[in-house]
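Student: my questions concern the predicted model and sequence given below.
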Amino acid sequence: MNQIPIQVFLLPVIAIVAVAYMLWSRKRIGQAQDQQFSSYRAGELAQRLGLQLVAGDPNFNLFIRNANVDVQRGPSDGKPVHIEIRMQGAPNGVPLELVYLYRVERESDFTTITWRTWFDCRMSAQAARPFPPFELISRSAPLGPIAQTQPLPPLSTGNASADATYLVASAEPGVAQLLGQAAAGFAPFANSGVHLVGDGQKVSFVMKQDKAPLLANALYYAENMSQQLSELARRLGG
Amino acid sequence: MDLGQRVSSHRGTFGAGGWLWYLAIIFLVSGVVSLVKGAAAGDSGQMLTGVLAFGASAVVAIVPLLRWRQAVDVFERGFVWKRLYGEQQVSRAEIRNATMTTHHTRQGTRVEVNVELQNGKSCTIVGVEQPEQLANLLRAAPPSGYPSAAANVGGAAPAPVNSAQGWAPGGWKPPGN
């Protein structure tokens, strides 16, 4: 026993303490950030927007998702992480909804680990009548280009400034013109990118967690987003 | 087949070849060095090694070249996949689903878009720009109010649509105007 150096016993203990400290520290930072950005918690966000939380944990922080215990723990085989938040209302006289979905499944075998990830975060305003589908995307956005979602051809809005900033895709010139006029209202979001999707019934501002338009930046102006979307839905659908 | 207007273009990227480019270049350099040395020394064995290395370089470069020199053009009613040895046209009616998968391996990361077709076959597209957008557009249903691909198979001219919604193609006006 006397011949075994003390380091042999000491080093594993130090390593365990270091790992424990790192885990504790990460959790503490997560909690501190959750507190600092509490306005992104589902409950508080619903209040900010004048919406009612109809599904999900009111304490879930859409920006600091790692503060959530399930997200921190991560998925394991057959036990996915599934977070779903839904808030609804009509604060501006138009039905408005904010949906957040984050789901991760994990499947592992001897050679591979397969992760399946679903993410969707969008604020949508419902139009009173159907309108032609469209998409409006910032031409230049941080963290790479924004991915278009609908197979629609690009169109000019007739507004040079809007055309320089945004790509508008639609089959209807009338929609492109209207978007060219409405685009100025989304100027506060220009830094983080704008991605509007009109599916013919709803106008949605689509956000991402790690790509443009970043959820954290976009939802900083959540109230403005709600107003702009409601106004656009009104102009498109009466 | 009339696929409508082009919506998006996705070219192959040079980087999609990954470490295979590195391997091809190593074989190529090895071939050049062996040939030059062999020719200088009059050693036919070394020259043969050089030729074999050239051959290996060409074989290894096939996959990265195919990935690099490809393009996928997405149209309103389908897509065209152009490769070095030909092109494939697929109408929207033939597409069942499209998924994007990111493979993380020791050799690197590979993003692949898998397009499942109605006939049970599939197209695996690897190494193009903006794969997420490509998967989105191929997965998307035809926008409501526009002729479905099924209705348009055979190249018939788009029929007037949206009579129920109150506007003719290209004639939509904001309510109240």
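Tutor: Received, thanks.
Student: next, residue 49: phi, psi?
Tutor: Assuming you mean chain A. Dihedral pair for residue A:49: phi -90, psi -10, per degrees, to the nearest 10.
Student: pretty sure it is touching residue A:98, no?
Tutor: Yes - between residue A:49 and residue A:98 there is a contact at 6.8 Å, judged by Cβ atoms under 8 Å. C-beta: built from backbone N, CA, C; applies to glycine.
Student: okay, the two: which has more neighbours?
Tutor: Set side by side, residue A:49 and residue A:98 show more neighbours around residue A:98, with 27 against 20, by other Cβ atoms under 10 Å in any protein chain shown.
Student: state the distance from that one to residue A:125.
Tutor: Taking Cβ to Cβ, to the nearest Å as the measure, residue A:98 falls 10 Å from residue A:125.
Student: who in chain A is up against chain B?
Tutor: Neighbours of chain B within chain A, by Cβ under 8 Å from any Cβ of the partner chain: A:129-133, A:145, A:147-154, A:169, A:171-175, A:178, A:199-200, A:235-238.
Student: just the buried ones from these?
Tutor: Neighbour counting over these (16 or more other Cβ atoms under 10 Å in any protein chain shown) leaves A:130-133, A:145, A:147-152, A:154, A:169, A:171-175, A:178, A:199-200, A:235-237 as the buried ones.
Student: these in helices, which ones?
Tutor: Judged by DSSP state H, those include A:173, A:174, A:175, A:178, A:235, A:236, A:237 as members of helices.
Student: tell me the mean pLDDT for the helix or strand that contains residue A:9?
Tutor: Assigned by DSSP states H and E, residue A:9 belongs to helix A:7-36. Mean pLDDT, computed over helix A:7-36, is 87.
Student: where do the strands sit along chain A?
Tutor: Assigned by DSSP state E, the strands in chain A fall at A:52-55, A:81-89, A:96-108, A:113-126, A:134-138, A:154-155, A:166-170, A:195-198, A:202-207.
Student: now render those as a markdown table, adding mean pLDDT.
Tutor: Converted to a markdown table, these look like this (pLDDT from 0 to 100):
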| stretch | mean pLDDT |
| --- | --- |
| strand A:52-55 | 96 |
| strand A:81-89 | 95 |
| strand A:96-108 | 94 |
| strand A:113-126 | 92 |
| strand A:134-138 | 95 |
| strand A:154-155 | 92 |
| strand A:166-170 | 95 |
| strand A:195-198 | 96 |
| strand A:202-207 | 96 |
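Student: redo these as JSON lines? Include distance to residue B:174.
Tutor: Formatted as JSON lines, these follow (distance: least, Cβ to Cβ, whole Å):
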{"stretch": "strand A:52-55", "distance to residue B:174": "30"}
{"stretch": "strand A:81-89", "distance to residue B:174": "25"}
{"stretch": "strand A:96-108", "distance to residue B:174": "20"}
{"stretch": "strand A:113-126", "distance to residue B:174": "15"}
{"stretch": "strand A:134-138", "distance to residue B:174": "12"}
{"stretch": "strand A:154-155", "distance to residue B:174": "15"}
{"stretch": "strand A:166-170", "distance to residue B:174": "13"}
{"stretch": "strand A:195-198", "distance to residue B:174": "13"}
{"stretch": "strand A:202-207", "distance to residue B:174": "13"}
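Student: closest one to residue B:6 among the ones you listed?
Tutor: Among those, the nearest to residue B:6 by Cβ to Cβ is strand A:154-155 (9.0 Å).
Student: what are the pairing partners of the closest one, and which direction each?
Tutor: Within its sheet, and counting by DSSP bridges, strand A:154-155 is paired with strand A:166-170 (antiparallel).
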